[in-house]
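> sequence? don't have it. structure:
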């Protein structure tokens, strides 16, 4: 059957006006009177629904008028313009075929449901306006990110999910095993014998693809990862999920400035893409979820991001210490309240903060000549605080090794990573963008559970 | 620093000829004589390398001549055309800055290495010609798949990796846990107490996103997944990996014909994309890895795929039963030898085989009116056999339930899946494409370990 999609009607209405067409979709509402009725139909391809007018000339007129919300129908009729109405056009139906009825206990009735309730029906919530919008934005954003990097020649690398090292040290990990947990094999000493496990050793789910990504940057120059990552943190907050997606570009021959240039260009590109491709959805968020969202995004898109050092940031923040829950001083990590104060109050636009004290940053970040700081960078945006974290990487074999020894890291776990500094090392940089945080930022949604199709959090792994 | 990329030189050479430019990359070889020398440089952006000529006017002439393979250098000089040489141009170097030397024990010397050996240095192998080509094709193919679906309005859905059900039944699964395996909590009955586990129950890594994907197709009409999947099968073959990526489109209001149309269009699109975007790499594979590859792919791209039923296929195959290791008869599953005979010998092009006996296919496939077959489809291609498997899905609540009961499936595990048939069910279809199998098909590489950056297989989880 040749279906026309509702998106096509909205985008190319001239092509279809006056034509006989067939659409298939799901009923959002039905209002039937004695002689005629209206169906509001959504087919999943477009945010705005389509109005259908039907008359008692239909064979199944009575049946159609009794359709429940959520029913699937196939409608053939003529598209006519409705210049007087709030919708631009409607279909005058010749036939309304019932593809699949909707049982009377359908949970999504016309009334408004809370996000909490909708989380309990994760398989049905994408049929609501809010989640149609969220998950279309999620899809478009993912594509915008690929497009941004591919158009710049970056190579997309699938770094592994199951890892034999717990080397990344970025958080608590999930164990992966095929051992029979009711009947674990034991070594002579009575410990679990992981030699019997699938991989012949202990394995976990990855917390970052960065180290593997760096190996590929040293071959392809510019690469990015985009894949799932896992944290087994027992944090029941609106910002933590056990399973989420990350984007981690890594660039050889790139210093911290270049790193910031790419991060800034990427954010602007993504904002521009969703505003162009999904203006209906973005207007919805701006109206119903987060008033001021569009202003904020447009401002970010058109601003030159501020670049200051951590030391400068601390000087600015100290002047406001009496108003912070946690006063700032040089050496302390910046809290969300500080980050937001910088980006929302002081600069009123995105801010890159660079060169953090080495003690509060990761071992692999490039040590600056001052001996105190590393070439780290965080990108802070209004409304959210930190959205990107990155650094120039330590490319000097001896310095990296010394830092690893200082921190008590096990050299054997990092052999391959050290090799990259031994064979054709380059200045190189990269950053990480948490994909869900990006979606929250773009939509104004405030709970990470509402931007992941089937979220996984502490004590929650449904469907 | 403003670097020009080697890809830019090859693609827009006029822009740079006669100009002073800077390139950064890794040394593939150095040949120095008394007064001058040549560097062959790769910067990861393009398959073909760049030749650099340097002279004893360099301050560090001696040092440069002694550079080891793999060293990173930054070269500034003038691009000049070399119409007499095999390469189109070269750089006459003013300076050669050594960014990072390469230690004498660098494992990738100029000689040829076996794929087996290169697997042991997965962090360095992307620096070789073969793996540069493989992993650039992998990146481009991933993007081509996104582009294909996004341009057709499909919504990209991230289905979950950690799953609380073992419902998919497509293979053995990896357990995911945060329990302390040396000290497992026990219930009163002495069994492992998974209530204490991170998610409060037993969880595994997914083997397919299809069932979750169907929920989203019933909201967005056309969706696709593209993410990692896991199989804990103890198969040490050239075609099995424990961790691999899958693409699973799912389309509401689509029957089996439409499913085949999309699968065929997708394969042709992807082949076209890599041939246009990476001809150098594809020529390399055609010459050094799989002679005949380009002919085969071009043939597929330009063929109309054959569509026959399983019953017709069996009739054709039975005529050749004396030559098969496993003779065919109606009801038996097709082996690779049969699939390849159909696509390579009988039709000499891709073949869709439809309507398989229900006993050899999954419970969710739509039951045909004959009572014996289901609306399944496999796509067979020359050189590989099955590359895609899919079906129209059973959309009738009662029929699906009856089939589940027949097979002894636990209804409670499928509540959400049954809901989709209860509330606005539609005819719908989908298929799965194993991404690695697709890359093997496009490159001619014959071992799955050689198309995954850091492969995970039985007893192997390195780096």
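Sure thing, it's come through. These numbers were taken from a predicted model, which means no experiment stands behind them.
> tell me where the stretch 1-150 of chain A has helices.
With helices called from DSSP state H, counting those that start in this stretch, the stretch 1-150 of chain A shows them at A:6-11, A:13-16, A:61-65, A:115-119, A:129-151.
> and those as a markdown table, adding mean neighbour count and distance to chain B?
(Glycine included, C-beta is placed from N, CA and C.) What follows is the helices of the stretch 1-150 of chain A, written out as a markdown table (neighbours: other C-beta atoms under 10 Å in any protein chain shown; distance: least, C-beta to the nearest C-beta, whole Å):
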| stretch | mean neighbour count | distance to chain B |
| --- | --- | --- |
| helix A:6-11 | 18 | 6 |
| helix A:13-16 | 12 | 16 |
| helix A:61-65 | 17 | 14 |
| helix A:115-119 | 14 | 12 |
| helix A:129-151 | 22 | 4 |
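> how about CSV for those helices, with mean pLDDT added?
CSV is the format used below for the helices of the stretch 1-150 of chain A (pLDDT from 0 to 100):
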stretch, mean pLDDT
helix A:6-11, 97
helix A:13-16, 96
helix A:61-65, 96
helix A:115-119, 97
helix A:129-151, 98
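> shouldn't residue A:267 be in contact with residue A:297?
No: shown here, residue A:267 and residue A:297 do not form a contact pair, counting by C-beta atoms under 8 Å, at 9.8 Å.
> how is chain A divided into domains?
Chain A breaks down by the TED database into domains covering A:6-100, A:127-171+A:207-450.
> go through those and pick out the most buried.
Neighbour counts (mean count of other C-beta atoms under 10 Å in any protein chain shown) averaged over each of the domains of chain A peak at domain A:127-171+A:207-450, with a mean of 20.
> after the helix or strand encompassing residue A:283, heading C-terminal, what element do we hit next?
Assigning secondary structure by DSSP states H and E places residue A:283 in helix A:279-284. Later in the chain than helix A:279-284, the nearest helix or strand by DSSP H and E is helix A:293-302.
> elements contacting the helix or strand that that next one is followed by?
Downstream of helix A:293-302, the next assigned helix or strand under DSSP H and E is strand A:306-309. Strand A:306-309 sits against strand A:351-357, with contacts defined as 3 or more C-beta pairs under 8 Å, 6 or more residues apart in numbering or on different chains; DSSP states H and E.
> direction included, what does the strand it packs on pair against?
Using DSSP bridges, the strands paired with strand A:351-357 are strand A:306-309 (parallel), strand A:373-381 (antiparallel).
> so the helix or strand that the longest one is followed by, near chain B or not?
In other words, strand A:373-381. Downstream of strand A:373-381, the next assigned helix or strand under DSSP H and E is strand A:385-392. No: Strand A:385-392 is not in contact with chain B by C-beta under 8 Å from any C-beta of the partner chain; minimum separation 13.5 Å.
> reformat the strands paired with strand A:351-357 as CSV; add mean pLDDT.
Formatted as CSV, the strands paired with strand A:351-357 follow (pLDDT from 0 to 100):
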stretch, mean pLDDT
strand A:306-309, 98
strand A:373-381, 97
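> and those as TSV, adding distance to residue B:48?
Shown next, in TSV, are those (distance: least, C-beta to C-beta, whole Å):
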stretch	distance to residue B:48
strand A:306-309	37
strand A:373-381	33
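> who in the stretch 201-350 of chain A is up against chain B?
Residues of the stretch 201-350 of chain A lying near chain B (C-beta under 8 Å from any C-beta): A:201, A:203, A:205, A:212, A:215-216, A:218-222, A:227-228, A:230, A:232, A:234, A:242-243, A:245, A:252-253.
> make CSV out of the helices of the stretch 1-150 of chain A and add distance to residue B:150.
Formatted as CSV, these follow (distance: least, C-beta to C-beta, whole Å):
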stretch, distance to residue B:150
helix A:6-11, 13
helix A:13-16, 22
helix A:61-65, 35
helix A:115-119, 26
helix A:129-151, 5
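> which one of those helices lies closest to residue B:190?
Comparison of the helices of the stretch 1-150 of chain A against residue B:190 by C-beta to C-beta identifies helix A:115-119 as nearest, at 34.9 Å.
> elements contacting the helix holding residue A:283?
Packed next to helix A:279-284, using 3+ C-beta pairs under 8 Å, 6+ apart, are helix A:129-151, helix A:256-277, helix A:293-302.
> nearest to residue A:160, out of the strands paired with strand A:351-357?
Between these, strand A:373-381 lies closest to residue A:160; by C-beta to C-beta that is 25.3 Å.
> where's the closest one relative to the chain centroid, distance-wise?
21 Å (C-alpha atoms, centre = their mean, to the nearest Å).
> before we move on, the earlier item: save the domains of chain A as a markdown table, and put in distance to residue B:394 too.
Shown next, in a markdown table, are these (distance: least, C-beta to C-beta, whole Å):
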| stretch | distance to residue B:394 |
| --- | --- |
| domain A:6-100 | 12 |
| domain A:127-171+A:207-450 | 21 |
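> closest to residue B:314 out of those?
Smallest distance to residue B:314 across those (C-beta to C-beta): 33.3 Å, for domain A:6-100.
> which one of the helices and strands packed on helix A:279-284 lies nearest to residue A:368?
Residue A:368 lies closest to helix A:256-277 among these, at 9.7 Å (C-beta to C-beta).
> if we can go back for a sec, can you put the helices and strands packed on helix A:279-284 in CSV and add distance to residue B:180?
CSV is the format used below for the helices and strands packed on helix A:279-284 (distance: least, C-beta to C-beta, whole Å):
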stretch, distance to residue B:180
helix A:129-151, 35
helix A:256-277, 39
helix A:293-302, 44
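> these: which one's closest to residue A:313?
Closest approach to residue A:313 among those (C-beta to C-beta): helix A:256-277, 14.7 Å.
> list the contacts of the closest one.
If you take C-beta atoms under 8 Å, 6 or more residues apart in numbering or on different chains as the criterion, helix A:256-277 is touched by A:137, A:140-141, A:143-145, A:147-149, A:249, A:251, A:254, A:281-282, A:294, A:297-298, A:300-301, A:305, A:307, A:350, A:352, A:354, A:366, A:375, A:377, A:379, A:381, A:387-388, A:390-392, A:429-431, A:433, A:438, A:442.
> state the mean pLDDT of the helix holding residue A:283.
Regarding helix A:279-284, the rounded mean pLDDT is 98.
> who touches that helix?
Applying C-beta under 8 Å, 6+ apart, the contact partners of helix A:279-284 are A:46-48, A:129-130, A:132-133, A:136-137, A:274-275, A:293-294, A:297.
> swap in stretch A:144-155?
The set of residues external to stretch A:144-155 that reach it, using C-beta under 8 Å, 6+ apart, is A:156, A:216, A:220, A:222-224, A:226, A:247, A:249, A:265-266, A:269-270, A:273-274, A:433, A:435, B:5, B:7, B:44-45, B:135-136, B:139-140, B:142-143, B:146.
> what of stretch A:389-404?
A:214, A:254-256, A:259, A:263, A:361-367, A:374-379, A:411, A:414, A:418, A:421-422, A:425-432, B:100.
> low pLDDT regions in chain A?
Applying pLDDT under 70 to chain A picks out residues A:166-171.
> many thanks, I have nothing further to ask.
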